[in-house]
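In: structure for the following, please:
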Amino acid sequence: SMQLNTTAMVFIGVVLLGTAAFAFIISVSQSDAYESVKPDVPDHCESRVDIPWVYIKTHKTGSSTIANMMHRYGNKYGLTFATPKDDTFYAWPSMNENQIINTVWDYQQGKVFDILCSAHVRYQRRALDVLVPGAKYITVLRSPYTHVKSSWSYWGVANHIMQKSRRSLTLEQFMEDPLELVKLGNSGDRILLINSQAFDLGMTSHQPKMSDVEQLKEEMDEDFFVLITDHMDESLVHLKRRFCWDMEDIVYISLKQRSRSGGVKKKSAKDLALEEKINKMNYADKALYDYFEAKLLREIENDEGFEEDLEEFRRQRDSLSSYCAKFARMDEVSHRVQLQEKQLSKEDRNCHLVMLDSQSFSKMMKSKEGGSPQEIECMTQGYPVRSTAYIRTIGVVDGAIANQLQRYAKNSRFRTIFEKKSPTDNSFKSLYYSRPNSKLNVFVGHSNEYTPLSKVLQHMEARVVTITTVMDPVQRFIRLWKLYNVENSSGVTLSTYISNPHQYKQKIGEDLHQVLHNGMCRSHGINMEFDATTQKSRQPVTSVSNSFKAILIVEEWLKSLAYVRRLLCVKHNLFDFPVIEENNNLDEGATLSLPYKEQAVPEHVANQIKQFNACDVELYRQANAKFQRLLDRQVSMSEEEEILREKFKEYSNNCRDNIGRCKEALMTPSTFSEAQSKSGYQ
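Out: A predicted model of the protein is given here:
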């Protein structure tokens with residue numbers, strides 16, 4: 001009896017273990033793009049998940065490769081990231097404690113993180129201890145000689161000096177008197193050339209006292225793990241063995257530099273002379289580099305089994321590089337789209353992770369931690385675009401977007417060009433209100449007049465984001481036909497006109513005929529012949545398409561609004577608009593998804609309209625293709641589309657309850673312009 005009971009208990013135990021294993025397998029198979037695992041830590045290792053990390057990312061040292069490695073490690077083990085709000089800097093180059101702390105996204109007093117590694121930050125211990133208490137610090141140092149040569153070229157210091165002082169200098173000439181000649185360039189050149197690594201590590205002067213450098217070295221010796229760019233492979237394997245990381249945690253495909261540890265090219269006498277001058281200028285960097293390079297080489301020399309690990313690391317690195325070569329043409333945005341929007345094999349997912357840059361990783365981690373796409377998705381470094389030109393397209397339902405841009409400009413206190421309601425001629429001065437002798441930030445085009453983009457840009461600040469909108473040519477034609485009440489005013493039916501438009505253009509009027517006939521193309525300066533074919537239209541349409549950063553699609557209404565918000569990096573509440581009857585920027589029957597009421601059109605009539613508007617059809621086709629390419633590079637667009645839908649619904653209900661609070665949002669662009677013209681415009 002006892003034997004039977006024992007057997008039964010064993011059987012039940014096996015079943016339970018099997019069930020648990022099966023449940024584990026199911027849970028792993030259902031994990032998402034942010035899968036994390038708990039490590040199996042050997043007894044002799046420090047517990048890697050118990051170690052919080054801060055990465056001091058030095059400039060031009062191969063630091064992007066290490067940042068990627070730290071991101072992958074933190075993501076794998078489910079660590080909480082202190083990510084920067086702008087995905088680029090933790091207040092660098094500031095050493096102000098509060099500034100550094102307040103650049104962290106989602107920071108609240110008392111909140112702490114497991115890892116900080118997403119951007120450049122200087123070694124300000126008090127601030128970093130607040131964010132990641134008890135952290136192990138990691139950084140990278142590079143030979144001052146190769147560091148300065150790389151920095152001189154990468155940062156374009158010679159170009160800065162030429163632009164500022166009209167002097168042409170080589171690095172060799174610069175090194176004859178660097179402390180004086182550096183003043184001829186940009187202010188940032190000193191930071192990035194002279195003891196740059198010591199500066200990133202907290203030295204407050206570019207010519208620090210050696211006693212301060214020695215103190216820093218002692219502190220780093222205690223709290224830092226220092227990698228050496230010139231021995232990158234050895235540094236990574238040493239890190240793996242020291243902290244018991246897995247080989248996959250340290251394998252890399254270099255993101256910005258392609259050199260590997262290995263043979264050293266013999267320097268010429270000229271090179272040696274230049275190196276001596278650089279080492280003299282960057283004495284602090286040289287002292288740190290020499291000490292920690294010697295320390296690395298000393299420690300790995302006495303590490304039994306190190307060479308075998310190094311050989312295996314290089315084999316796995318080369319294998320990974322070979323497998324991931326198929327994704328080499330993708331940029332970092334594309335890698336993030338693959339990771340967050342696509343179903344991937346484990347191998348392909350690993351490739352995209354290894355190729356992801358810090359900004360994309362930062363955004364991905366914010367998304368993982370529940371951030372809204374309206375907080376995260378922005379195509380600048382977190383700051384609104386200052387210069388925007390919106391060219392309106394005649395006959396297109398684009399008044400709501402024009403109004404949003406006008407309100408955005410007003411709330412941002414940007415210098416803006418507004419349309420005049422009753423122009424006397426086609427000149428720029430007659431069409432628009434603008435401040436004299438001033439470059440403008442925001443241009444919103446006239447609703448009924450063509451203004452060449454080239455002329456607009458003459459009045460704008462540099463780096464203008466250019467936008468326009470198009471709509472389905474058939475729906476546009478039907479909309480205008482009804483809007484202008486053509487049949488009653490001319491006695492010509494739609495079917496009669498479209499069967500032979502040229503014959504009836506005098507009856508409906510030459511101006512209206514021009515609007516109906518390839519009116520979208522004409523809005524952008526393309527004046528096609530009456531019988532223009534799609535083939536004839538293709539080249540001029542391509543030229544127009546290429547002149548715009550984005551062409552929005554009315555039939556993709558919410559996606560278009562979400563995209564332009566991301567493009568301009570605008571706070572979402574500035575892009576609210578009410579879908580109510582009182583909004584004259586929308587057609588009767590408009591919905592949250594479409595700003596006009598779609599009309600049913602017989603197929604033969606639609607085909608005739610398309611034939612008559614071959615250029616508009618080609619413009620719409622190219623615009624859709626371009627917009628789809630833009631959407632293909634976006635993450636969480638469907639989620640933001642739904643967020644907008646709910647926000648607009650709520651805003652519309654609030655406007656119905658109190659129409660006064662939405663007064664500006666209900667203005668047509670021309671009415672808004674008239675109101676603003678009283679504020680110092682002429």
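In: when you work out contacts or count neighbours from here on, use the C-alpha atoms and nothing else.
Out: OK.
In: please enumerate residues in contact with stretch 504-517?
Out: By Cα atoms under 8 Å, 6 or more residues apart in numbering, the residues outside stretch 504-517 that reach it are 394-395, 477, 480, 486, 489-490, 492, 497, 522, 530, 612-613.
In: will you turn those into CSV that also has neighbour count?
Out: CSV is the format used below for these (neighbours: other Cα atoms under 10 Å):
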residue, neighbour count
Ile394, 23
Gly395, 21
Phe477, 23
Leu480, 16
Val486, 18
Ser489, 10
Ser490, 13
Val492, 16
Tyr497, 16
Arg522, 19
Phe530, 14
Phe612, 23
Asn613, 27
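In: which of those residues lies closest to Val121?
Out: Proximity of the contacts of stretch 504-517 to Val121 (Cα to Cα) peaks at Ile394, which lies at 49.5 Å.
In: helix, strand or coil for the closest one?
Out: Put simply, Ile394 is coil when judged by DSSP: H, G, I helix; E, B strand; the rest coil.
In: distance of it relative to Val465?
Out: Ile394 sits 20 Å away from Val465, going by Cα to Cα, to the nearest Å.
In: and for Ile191?
Out: Taking Cα to Cα, one finds Ile191 at 31 Å from Val465.
In: do the same with Pro595
Out: 24 Å.
In: one more: Asn607?
Out: Separation of Asn607 from Val465 (Cα to Cα): 35 Å.
In: more crowded one of those two?
Out: Neighbours per residue (other Cα atoms under 10 Å) separate Asn607 from Val465, with Val465 holding more: 17 against 13.
In: right, and the more buried one touches Thr380 too?
Out: No: taking contacts as Cα atoms under 8 Å, Val465 lies outside contact range of Thr380: 11.7 Å.
In: confidence score at Asn403?
Out: Model confidence at Asn403, expressed as pLDDT, equals 91.
In: part of a helix, is Leu406?
Out: Quick fix: residue 406 is Gln, not Leu. Yes: assigned with three-state DSSP, Gln406 falls within a helix.
In: any idea how far it lies from Ala400?
Out: Going from Gln406 to Ala400 by Cα to Cα gives 10 Å.
In: same thing with Lys482?
Out: To Ala400, Lys482 is 20 Å away according to Cα to Cα.
In: please, where are all the strands along the stretch 201-350 of the chain?
Out: Using DSSP state E, counting those that start in this stretch, the strands of the stretch 201-350 of the chain run over 224-228.
In: which residues of it score low on pLDDT?
Out: 254-265 (pLDDT under 70).
In: please redo it, this time with the cut-off set to 50
Out: Low-confidence segments of the stretch 201-350 of the chain (pLDDT under 50): 255-262.
In: over to the chain?
Out: 1-42, 255-262, 681-682.
In: can you pull out the strands in it?
Out: Using DSSP state E, the strands of the chain run over 53-56, 115-116, 136-141, 224-228, 388-391, 416-419, 432-433, 442-444, 465-470, 550-553.
In: could you dump those strands to CSV with distance to Val104?
Out: Putting those into CSV (distance: least, Cα to Cα, whole Å) gives the following:
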stretch, distance to Val104
strand 53-56, 13
strand 115-116, 9
strand 136-141, 18
strand 224-228, 22
strand 388-391, 29
strand 416-419, 33
strand 432-433, 42
strand 442-444, 31
strand 465-470, 28
strand 550-553, 31
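In: of all these, which one is nearest Ile376?
Out: Nearest to Ile376, of all these, is strand 115-116, at 17.9 Å by Cα to Cα.
In: ok, and what's touching the closest one?
Out: Under the contact criterion Cα under 8 Å, 6+ apart, strand 115-116 has outside partners Pro52, Trp53, Val54, Tyr55, Gly74, Leu79, Thr80, Phe81, Ala82, Thr83, Val132.
In: again, but for stretch 165-180
Out: With Cα under 8 Å, 6+ apart as the test, stretch 165-180 has contacts from 149, 152, 158, 161-162, 181-182, 184-185, 274, 277-278, 281.
In: one step back: which one of the strands of the chain lies nearest to Arg241?
Out: Nearest of these (Cα to Cα): strand 224-228, 12.3 Å.
In: just checking, what packs against that closest one?
Out: The contact analysis (3 or more Cα pairs under 8 Å, 6 or more residues apart in numbering; DSSP states H and E) places strand 224-228 against strand 136-141, helix 232-243, helix 283-301.
In: also compute the angle for it relative to strand 136-141, please.
Out: Between strand 224-228 and strand 136-141, the angle comes out at 20 degrees (axes from the mean of the first three to the mean of the last three Cα atoms, to 10 degrees).
In: contacts for strand 224-228, please.
Out: Applying Cα under 8 Å, 6+ apart, the external contacts of strand 224-228 come out as 136-142, 235-236, 239, 289, 292-293, 296.
In: how long is stretch 502-516 end to end?
Out: One end of stretch 502-516 sits 11 Å from the other (Cα to Cα).
In: got it, and stretch 192-210?
Out: 20 Å.
In: same check on stretch 135-154?
Out: 32 Å.
In: which parts of it are buried?
Out: 135-149, 151-152 (16 or more other Cα atoms under 10 Å).
In: need the contact partners of that stretch.
Out: When contacts are defined by Cα under 8 Å, 6+ apart, stretch 135-154 is touched by residues 51-58, 60-63, 129, 158, 171, 192-193, 197, 223-230, 274-275, 278-279, 282, 285-286, 288-289.
In: could you redo the last one with a cut-off of 6 Å?
Out: With Cα atoms under 6 Å, 6 or more residues apart in numbering as the test, stretch 135-154 has contacts from 52-56, 61, 224-229, 275, 278.
In: ok, stretch 597-605 next?
Out: With Cα under 6 Å, 6+ apart as the test, stretch 597-605 has contacts from Gly589, Ala590.
In: His513 and Thr533, how far apart?
Out: Using Cα to Cα, His513 is found at 18 Å from Thr533.
In: with Asp285 instead?
Out: Noted for Asp285: a distance of 66 Å to Thr533, by Cα to Cα.
In: neighbour count: these two, which is higher?
Out: Neighbour comparison, Asp285 and Thr533: the larger count goes to Asp285, with 24 against 17 (by other Cα under 10 Å).
In: residue contacts, that one?
Out: Asp285 sits next to Asn195, Gln197, Ala198 when contact means Cα under 6 Å, 6+ apart.
In: what do you get if the cut-off is 10 Å, keeping everything else the same?
Out: Asp285 makes contact with 141-144, 147, 194-199, 201, 213, 279 under the criterion Cα atoms under 10 Å, 6 or more residues apart in numbering.
In: among those residues, which one sits closest to Lys368?
Out: Taking Cα to Cα as the measure, Lys368 lies nearest Leu201 of the contacts of Asp285, at 30.2 Å.
In: for the residue nearest the centre of the chain, give its distance to Phe548.
Out: Nearest to the geometric centre of the chain sits Met379, at 3.8 Å (Cα atoms, centre = their mean). For Met379, the distance to Phe548 equals 16 Å [Cα to Cα].
In: next: Glu640.
Out: Note on Glu640: its distance to Phe548, by Cα to Cα, is 23 Å.
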